[in-house]
Structure formats: C-alpha cells, structure tokens
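Peer 1: Fold the following.
(2 chains)
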Amino acid sequence: MKVNAAPRILLVAAACALSLIALVVSEALARQSGQEVLVPIEAIDPRSLLQGHYVALSLTQRLEPGETCPTGGELEWIALREQGGVYIAVGGADSREQAQLLGLPVKGSFTCQEPSPALPDADATPGWLRLDLGVDRFHINQTEALRIEEVLRAQTADEPVRAHAVISIGRDGRGRLKGVVVDGERLELNWL
Amino acid sequence: MAAYKDKVKQDLDRWIGAGLVGADQREAILATIPDARRMDAATALAWVGGLLLGIAVIAFVAANWEITPKLVRFAVLLLAFLTLAGGGAWAAHKERNVLSNILLMIAALVFAASIGLTGQIFDIAGDPKAASYGAGVAAFALALAGRSTGAAVVGVVFIALGDFTDRHWFAGAESEAPWMLVFAPLAAYLALRWASAPLAHVSALAILYCFGWFAARFEADAAVTFFLSIILGAAAAGARWLYQQDRPFAGIFYGHFAWGALALFAIAGYLPWFGGEDGNGGIAHRIVWLAASGGLLALGRFDRHGLVTAVGVLSIIGAICALLSDLGLDLLAAAGVFLLCAIAALVGGLILRRKEKTT
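Peer 2: Have a look, this model is predicted:
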C-alpha cells in the first residue's frame, strides 16, 4: 500500500511533536518524584543570550582550612551526604552501587582545590569543590535574575552561603534542577 | 545535461548545414534529450526567503521569551512546527514540490530550535549531542516523508553537529562511532535518487568526514591513511564511471572524492608507518604525489571536470612546495627532480597522443 506524501509528512510531524511533549512530561515527572537535596551555589550572574535570561549556576561548596578534597572527582558518579541541612560531595565512584556505599548517588563529576594554609606572608585561603551535575543554569526573567545577582555579590567568604540550588535526584540517578533558594526565599520551576 | 543539450544543438545545426541530417529531424532528436532542471531567479529567491523566514521565526520567539507563560511558549513552538509541516503536506498534495521542499526544510529548522527551546522553557538539562542527533533524525524523517532535499541537508548538518559535539579526536579504538557513518551514505543515496546538487555536495563532504574519522580512529597511521586514500580513489573512479554514464550529479561525488583521496595521500606521507617514530614519507612520496596530481589534472581536462582539474592544479602546487621543503631549497637537486617529472609528463603525453592517433 503506497501512502501519499501529505499523510506521510503529517504522521512524521505528529510523531516529532509527540516526542517533544513526551520529553517534557517525563522530565517533569522525574523531577517531581526524585529526592530533593539542597546544594550550595556561588558565582551567579544573569546572562542575556538569544535564548533569553538565565542565572548561571555554579554548584560550589567551600572547603575550610584543614579540610581535604574527596577522591574520585573524575569518575562518573558522586556520593552526596547531608551536613547541616545541605548536601555535600564526599567522594566519586565508578558505579552507582559504589557511590551508594558512600552516600546518596548522583550522576556527575567534580573538581576540587584544597585550601591553602596561612604562610608568613599570606593569609590562609579556603578551598572549593565544584559539582558538575549537568545543571548549570536557571531560566528566569531579567529583573529577578538581577535581584539575585545583587544579593549574591554582597555575599562574602566569611559568612554562611546565602544561595542554594534545589536539585531533584531521580531514580535514574540524574540531578534535575527544581529551583533555587536565595536568602530563604524559594524560587521554584513551574509549568507557567 | 543542459550543457550537453546545447552542444548537441550546435552539432545538429552543423550536421544539418553539411547535409548529414535532415532539418525535419532536428526537433525529434532534441526531444530525446531531457531538459535539465535549472533553478531560476524566482525559485532561488524563494529558497533564500524561506531560509530567512525560518531564522526570523527563531529570533522572534527568542526575543519575546520572557513575556509569555511557559506553556504558551511551548504551544507556540509546537504550533509553528506543525503549521510549517502541515503547509509542506498541503503543498505536496497540490504537487507544488518546491514550496513543499522549502516548508519542510524550515519545519526541520524550527523543530531543531524547538528541542533547545523546550529544554530552556522547562529547565531540562539536556545532552547537546542528543539534541543535535534528535534534530537530525527528525529532519531526515521529514525529508523522507516529503522528499525534501532541504530537510535532508538540515538533517546532515545536525547529525554532523552531534558528531562534532564533545568528540575526542584521535582517541584511537575508544573513539565513539559517528552517526554520519549511517547518515552520509543515506544522504548520498537520496542525492542521487532525487537528483539534488546541494545534497550531493553535503553528503560527499559527510562521506569525506567519515574517512577522516577512520584515519583518526587508527591513530593516524600512514599505512591506514594510505589505504583509505586508495579506497577513496576507487570511490572517485566509481563516481567517474557514473559521471561518464551521464548520471546526474555523479560528477559532484567524483570531484569531492578525488580531492579527498589526494589529500589523504598527501597526509599519509607525513605520518609514521605502523606506529614507528619516523613521520616522513620522503622524496619518494612527494614524487608519487606530484605524479598523481599531474595525472588528476590530465584526467580533469580529459573529462572536462572543473573541480577535478582545479584539485590537480592545487595539488601540484602543494606537492612542489613539499618537495622544495624536503630538498631544503637545494636548487640544483630541485631542478633535477623537476626535470625528471617534466620528462615523465612529456613522455606520458606523447604516448597518449600516439595512442589517440592510432585508434
């Protein structure tokens, strides 16, 4: 049976549109059903590209003097553990099972720099650990993005972290952004 | 084909003038040669306008992103895509093939933009490679459904973008196979089947990219690169045979495969053999390169193929530069090598001329 071009095109177009809808629905369901964790963020700035305004997120935890970098940052899984209401990376692993032995497993990698001790001619500097979970931006209107930026620019290294990303860790181990918390105010992603 | 018909017209007029053919047979003879499809100015403008419209839609949607609710933005994307695809289907139904082709090409572009914009609307952290592949596969599906060469070109471009995203070149056997290994031959097949020059160019370049990947996969070994250049040379010979059979657009593949084969051969001369340390094929390689370039130039002239001729000329220049570099600009040695090459070319030309006279 030969199908004419017109119905063929309509069938393919419908399949393409349905695949996009399926992507949105499945991602939303995974985001809703995942385990929610708070991860500290730093270095936020609003960007304006052709694709609209967004807040660039850097999932960064500070390492105080004396703390050391966890191992396995270059591996495919990260183990997170709760500490003082937020989740921090405690190590990397090759597989989900190995990461689960250390903490809550999430797909991703991390880079880390240890804090440097105080020297006769230099003060001690804190280190940092930067998570790469595939979450690097939060789309938001420009006004809100600029307001968040202002709050975070006022933040200093000696005071507690004022901004956190709300990440949902799904059954597949992927981290999905749910929103951000800035100075206790929660800005969540929604359907509208 | 048009050039061929023009030539036959001239010959016919000459033969009629000489009394070899009857004037009443002129039209009947010419009617046996099909007219080539030539793009007129209006069609070309329609293509450019269609492309610009697609870009304008993308820019407009992006510029007004903030003021529209998320679900409305998503609905706008889907509606834009479905409207364009629906328009393509309507045009195909009315047998307005050019319009259908243009609309499906724009629909493919809009769908590609929709993938990225949907990720942005709902903050879906996506894999750029998967997004490009998805856009490419959708474009190919639209192309196959509506026989759209424009959508097929968009498909090849997005598959290439997916292949180039996060690719580790020269990663040896660990290197992930590019999707182009499947889609480049498919695009070439469609180019020949649908007689599309743009698709032929794009698919020929995609095939060359696949050869480049094979060369890189085997860690750029001279033997492998040389072998690949021979395969590509054989492919060029096959395309030349099709070109001589007047298969439309086979000449495009002939030209691209010829320069690809020569480029791989030239590169092979600078790579180590079988994992060795020495990465220089030496003067022997340059002389063969020079001879091959001369042969290709002669072949290009013989076949009246502009690209092949141009490749032969450029390759000769490259081979001469490489040879001079190898000889350390020793003018006496250079003069000796070029004298030998010149004698070889002259002898070859004389043999060909004598053979031509005897047949």
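
Peer 1: what's the helix or strand for the closest residue to A:Ala93 other than its chain neighbours?
Peer 2: The shortest distance from A:Ala93 to any residue other than its chain neighbours is 3.9 Å, reached at A:Ala99 (Cβ to Cβ, 6 or more residues apart in numbering or on different chains). Backbone N, C-alpha and C define where each C-beta goes, glycine included. Using DSSP states H and E, the element containing A:Ala99 is helix A:96-102.

Peer 1: then that helix to CSV, C-alphas only?
Peer 2: What follows is helix A:96-102, C-alpha atoms only, in CSV (Å, rounded to 0.1, in the frame of the first residue of the first chain):
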residue,chain,number,x,y,z
ARG,A,96,26.0,3.8,41.3
GLU,A,97,26.4,0.9,43.7
GLN,A,98,29.9,2.0,44.8
ALA,A,99,28.7,5.6,45.2
GLN,A,100,25.7,4.3,47.3
LEU,A,101,28.2,2.9,49.8
LEU,A,102,29.4,6.4,50.5
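
Peer 1: Check which helices and strands it sits against.
Peer 2: Packed against helix A:96-102 by the contact rule (3 or more Cβ pairs under 8 Å, 6 or more residues apart in numbering or on different chains; DSSP states H and E) you find strand A:77-83, strand A:86-93, strand A:104-107.

Peer 1: Adding mean pLDDT and mean neighbour count, write those out as JSON lines.
Peer 2: Shown next, in JSON lines, are the helices and strands packed on helix A:96-102 (pLDDT from 0 to 100; neighbours: other Cβ atoms under 10 Å in any protein chain shown):
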{"stretch": "strand A:77-83", "mean pLDDT": "89", "mean neighbour count": "19"}
{"stretch": "strand A:86-93", "mean pLDDT": "88", "mean neighbour count": "21"}
{"stretch": "strand A:104-107", "mean pLDDT": "90", "mean neighbour count": "20"}
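
Peer 1: Could you export the ones you listed to JSON lines, including columns for distance to B:Ala291?
Peer 2: JSON lines is the format used below for those (distance: least, Cβ to Cβ, whole Å):
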{"stretch": "strand A:77-83", "distance to B:Ala291": "57"}
{"stretch": "strand A:86-93", "distance to B:Ala291": "56"}
{"stretch": "strand A:104-107", "distance to B:Ala291": "55"}
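
Peer 1: residue ranges of the strands in chain A, please?
Peer 2: For chain A, the strands defined by DSSP state E occupy A:35-49, A:52-63, A:77-83, A:86-93, A:104-107, A:109-113, A:127-132, A:137-139, A:163-169, A:175-182, A:185-188.

Peer 1: and B:Ala177, which of those strands is closest to it?
Peer 2: Of all these, strand A:104-107 sits nearest to B:Ala177, with 23.0 Å by Cβ to Cβ.

Peer 1: any chance you could map the helices in chain B?
Peer 2: B:2-17, B:26-31, B:41-63, B:70-93, B:97-121, B:128-146, B:149-164, B:180-194, B:197-217, B:222-244, B:250-268, B:282-303, B:306-326, B:331-358 (DSSP state H).

Peer 1: For A:Val161, find the nearest of those.
Peer 2: helix B:97-121 (26.5 Å).

Peer 1: Check which helices and strands the closest one sits against.
Peer 2: So helix B:97-121, by 3+ Cβ pairs under 8 Å, 6+ apart, packs with helix A:5-33, helix B:41-63, helix B:70-93, helix B:128-146, helix B:149-164.

Peer 1: So which of these is the most surrounded?
Peer 2: helix B:149-164 (a mean of 25; mean count of other Cβ atoms under 10 Å in any protein chain shown).

Peer 1: now that helix against helix A:5-33, angle please.
Peer 2: When axes from the mean of the first three to the mean of the last three Cα atoms, to 10 degrees is applied, the directions of helix B:149-164 and helix A:5-33 differ by 30 degrees.

Peer 1: Residues contacting helix B:149-164, please?
Peer 2: With Cβ atoms under 8 Å, 6 or more residues apart in numbering or on different chains as the test, helix B:149-164 has contacts from B:47, B:50, B:101-102, B:104-105, B:107-109, B:112, B:129-133, B:135-140, B:142-143, B:178-180, B:183-184, B:187, B:190-191, B:194, B:196, B:198-199, B:202-203, B:206, B:209.

Peer 1: mind redoing it with 6 Å?
Peer 2: Defining contact as Cβ atoms under 6 Å, 6 or more residues apart in numbering or on different chains, one finds that helix B:149-164 is touched by B:101, B:104-105, B:108-109, B:112, B:129, B:132-133, B:135-136, B:139-140, B:142-143, B:178-180, B:183, B:187, B:190, B:194, B:196, B:198-199, B:202, B:206.

Peer 1: chain center to the helix holding A:Ala99, what's the gap?
Peer 2: Centre-to-centre, helix A:96-102 and its host chain are 20 Å apart (Cα atoms, centre = their mean, to the nearest Å).

Peer 1: Run a quick neighbour tally on the closest residue to B:Lys5 other than its chain neighbours.
Peer 2: Spatial nearest neighbour of B:Lys5, chain neighbours left out: B:Ile33 (4.8 Å); criterion: Cβ to Cβ, 6+ apart. Per other Cβ atoms under 10 Å in any protein chain shown, the neighbour tally for B:Ile33 reads 15.

Peer 1: Assess the claim that B:Ile33 and B:Asp6 are in contact.
Peer 2: No. Look at B:Ile33 against B:Asp6 with Cβ atoms under 6 Å: they stay out of range, at 10.0 Å.

Peer 1: distance of the closest residue to B:Leu327 other than its chain neighbours from B:Leu324?
Peer 2: Spatial nearest neighbour of B:Leu327, excluding adjacent residues (Cβ to Cβ, 6+ apart): B:Ala333 at 4.8 Å. According to Cβ to Cβ, to the nearest Å, B:Ala333 stands 10 Å off from B:Leu324.

Peer 1: Mind putting the helices of chain B into a markdown table with mean pLDDT?
Peer 2: Below are the helices of chain B laid out as a markdown table (pLDDT from 0 to 100):
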| stretch | mean pLDDT |
| --- | --- |
| helix B:2-17 | 82 |
| helix B:26-31 | 86 |
| helix B:41-63 | 78 |
| helix B:70-93 | 88 |
| helix B:97-121 | 87 |
| helix B:128-146 | 89 |
| helix B:149-164 | 89 |
| helix B:180-194 | 88 |
| helix B:197-217 | 86 |
| helix B:222-244 | 85 |
| helix B:250-268 | 86 |
| helix B:282-303 | 82 |
| helix B:306-326 | 80 |
| helix B:331-358 | 71 |
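
Peer 1: now these as TSV including distance to A:Thr60?
Peer 2: As requested, the helices of chain B are arranged in TSV below (distance: least, Cβ to Cβ, whole Å):
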stretch	distance to A:Thr60
helix B:2-17	64
helix B:26-31	76
helix B:41-63	29
helix B:70-93	28
helix B:97-121	23
helix B:128-146	23
helix B:149-164	30
helix B:180-194	38
helix B:197-217	36
helix B:222-244	45
helix B:250-268	44
helix B:282-303	53
helix B:306-326	51
helix B:331-358	61
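
Peer 1: out of the ones you listed, nearest to A:Glu144?
Peer 2: Nearest to A:Glu144, of all those, is helix B:70-93, at 14.4 Å by Cβ to Cβ.
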